[in-house]
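Novice: I need the structure of the sequence given here:
(2 chains)
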Amino acid sequence: DAKTTQPPSMDCAEGRAANLPCNHSTISGNEYVYWYRQIHSQGPQYIIHGLKNNETNEMASLIITEDRKSSTLILPHATLRDTAVYYCIVRVNSGNTPLVFGKGTRLSVIA
Amino acid sequence: ETGVTQSPTHLIKTRGQQVTLRCSSQSGHNTVSWYQQALGQGPQFIFQYYREEENGRGNFPPRFSGLQFPNYSSELNVNALELDDSALYLCASSLVRGGGGELFFGEGSRLTVL
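Specialist: The predicted structure follows:
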């Protein structure tokens, strides 16, 4: 079973920041937080991951609370193409550990 | 584009038949994993291959089997198809060097079992 809890759906206005929350209160010390998204009829796409420090790349920022029990994925300027299901996953960063997907958050970016 | 290609993209089978799905990994990747995604659900892990050996399996029966070839391409075989096997089957490749790597997914093969 997935070890994360996410809201089933969210809306965001185009051009505004999209903040997607994730609760992972049972996360272990050696587990990373990963975010993937899945645009309709496509395979999941890696976005970002982190252990305890905040991370930023060209797609998004990941903010992890100090106690690591929750995190927020931030898309700074959402576009219509960001409409997708976003999955938050906790995973030990070892070679044979699979991704355990929950149902994710369906983000709808509205013009 | 992830460099992971899957075939066929769509196929229809009848109950009891067998199916083979194929995946070509991203160049240089040594690990491939397969996931099943039912409608409205997140992907579920089937199994993973590393250097041609299965090294992890989810809660799927033995009629789901796989192969990884020396060039790191892969096959997923499903025997005795059931209606509930209708799903999107996703292949993901990664480069594992000690620690885990980012997974790159293909677009999937959509299987319909009638």
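
Novice: ok, A:Thr72 to A:Pro21 distance?
Specialist: From A:Thr72 over to A:Pro21 the distance is 5 Å, taken as Cβ to Cβ, to the nearest Å. Where C-beta positions appear, they are placed from N, C-alpha and C, glycine not excepted.

Novice: same check, this time on B:Ser25
Specialist: B:Ser25 is 34 Å from A:Pro21, by Cβ to Cβ.

Novice: Settle it for me: which of the two has more neighbours?
Specialist: Neighbours were counted for B:Ser25 and for A:Pro21 using other Cβ atoms under 10 Å in any protein chain shown; B:Ser25 has more, 27 against 15.

Novice: so is the nearest residue in space to that one that is not next to it in sequence in a helix, a strand, or just coil?
Specialist: Nearest residue to B:Ser25 in three dimensions, chain neighbours excluded: B:Ser93, at 3.6 Å (Cβ to Cβ, 6 or more residues apart in numbering or on different chains). Here B:Ser93 is strand, with the state taken from DSSP: H, G, I helix; E, B strand; the rest coil.

Novice: and the gap between B:Ser93 and A:Gln45?
Specialist: For B:Ser93, the distance to A:Gln45 - Cβ to Cβ - is 14 Å.

Novice: Neighbour count for these two, which is higher?
Specialist: A count of neighbours by other Cβ under 10 Å puts B:Ser93 above the other of B:Ser93 and A:Gln45, at 27 against 16.

Novice: Next up, the contacts around the most centrally placed residue in chain B.
Specialist: Centroid-nearest residue in chain B: B:Trp34, 3.0 Å away (criterion: Cα atoms, centre = their mean). For B:Trp34, the contact set (Cβ atoms under 8 Å, 6 or more residues apart in numbering or on different chains) comprises B:23, B:45-48, B:66, B:74, B:76, B:89-92.

Novice: Give me the neighbour count for B:Lys13.
Specialist: Should you count by other Cβ under 10 Å, B:Lys13 turns out to have 16 residues around it.

Novice: near chain B, which residues of chain A show up?
Specialist: When proximity is defined as Cβ under 8 Å from any Cβ of the partner chain, chain A approaches chain B at A:2, A:41-46, A:49, A:85, A:87, A:91-104.

Novice: Swap in 6 Å and give it another go.
Specialist: Applying Cβ under 6 Å from any Cβ of the partner chain, we find that chain A lies next to chain B at A:42-44, A:46, A:93-98, A:101-104.

Novice: Please flag which of those residues sit within strands.
Specialist: Counted as lying in strands by DSSP state E, out of those, are A:Tyr46.

Novice: nearest residue to B:Tyr49 other than its sequence neighbours?
Specialist: Leaving aside its sequence neighbours, B:Tyr49 sits nearest to B:Gln68 (Cβ to Cβ, 6+ apart; 3.7 Å).

Novice: Surely B:Lys28 is in a helix?
Specialist: Careful, residue B:28 is Gly; it's not Lys. No. Counting by three-state DSSP, B:Gly28 is not part of a helix but coil.

Novice: so how far is chain A from it?
Specialist: 15 Å (Cβ to the nearest Cβ, to the nearest Å).
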